[in-house]
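Visitor: Sequence and predicted structure below; questions after.
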Amino acid sequence: MRSPIPSGAMTSDAGDFLRRMRKRQGVSQGELARRVGSHQPQVSAWETGKKPVTVAQLAALLDALGLVLRLDADPKPEPGAEGSDRFSAVMGDERGSPRGRRRGGAGR
């Protein structure tokens, strides 16, 4: 059974993540746009969630910031178990890679 894909949640999360990483690197929207061959309004639209950003686009944008996009998937937590932010579980966040948050399990 497939889970429905939320229409705008990931777009907004990806945009927020992109904005945080861009600001952390001290790069303006215009400079980032120049680095990836785009325009400042497009970067703004991605960051605000007005335009969806694909995984390939996000990878290119982060690459232009000197960062590497890592995707990771883990089993869903049991209902009621301590969870983490949906986007940080997929993308990582300022605290580090999702790999650092894995628990136990031989052969992983």
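Guide: All right, it came through fine. The structure displayed is predicted, hence computed values, not measured ones. Residues are numbered from 1 along each chain as shown.

Visitor: next SSE after the helix ranked longest in the chain?
Guide: If you go by DSSP state H, the chain has its longest helix at helix 9-24. Sequence-wise, the next helix or strand downstream of helix 9-24 (DSSP states H and E) is helix 29-36.

Visitor: Quick check: buried residues in the longest helix of the chain?
Guide: 10-15, 17-19, 21-22 (16 or more other C-beta atoms under 10 Å). Yep, even glycine has a C-beta here, placed from its N, CA and C like the rest.

Visitor: Now distance to Arg34 and pLDDT too, for those residues, in CSV please.
Guide: Listed next are those as CSV, based on distance: C-beta to C-beta, whole Å; pLDDT from 0 to 100:
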residue, distance to Arg34, pLDDT
Met10, 26, 63
Thr11, 23, 66
Ser12, 25, 76
Asp13, 25, 88
Ala14, 21, 91
Gly15, 19, 93
Phe17, 21, 93
Leu18, 16, 96
Arg19, 17, 96
Met21, 17, 96
Arg22, 13, 96
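
Visitor: And the contacts of stretch 49-67?
Guide: Under the contact criterion C-beta atoms under 8 Å, 6 or more residues apart in numbering, stretch 49-67 has outside partners 8, 11-12, 14-16, 18, 21-22, 25, 27, 32, 35-36, 42-46, 68-69, 71.

Visitor: What count of nearby residues applies to Ala60?
Guide: 16 (other C-beta atoms under 10 Å).

Visitor: before we move on, back to that, which strands or helices does the longest helix of the chain pack on?
Guide: helix 40-48, helix 55-64, helix 86-91 (3 or more C-beta pairs under 8 Å, 6 or more residues apart in numbering; DSSP states H and E).

Visitor: which regions of the chain lie under the pLDDT threshold?
Guide: Along the chain, segments meeting pLDDT under 70 span 1-11, 81-108.

Visitor: ok, back up a step: could I get the helices and strands packed on helix 9-24 in JSON lines, plus columns for distance to Lys76?
Guide: Formatted as JSON lines, these follow (distance: least, C-beta to C-beta, whole Å):
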{"stretch": "helix 40-48", "distance to Lys76": "28"}
{"stretch": "helix 55-64", "distance to Lys76": "20"}
{"stretch": "helix 86-91", "distance to Lys76": "10"}
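
Visitor: Good, wrapping up.
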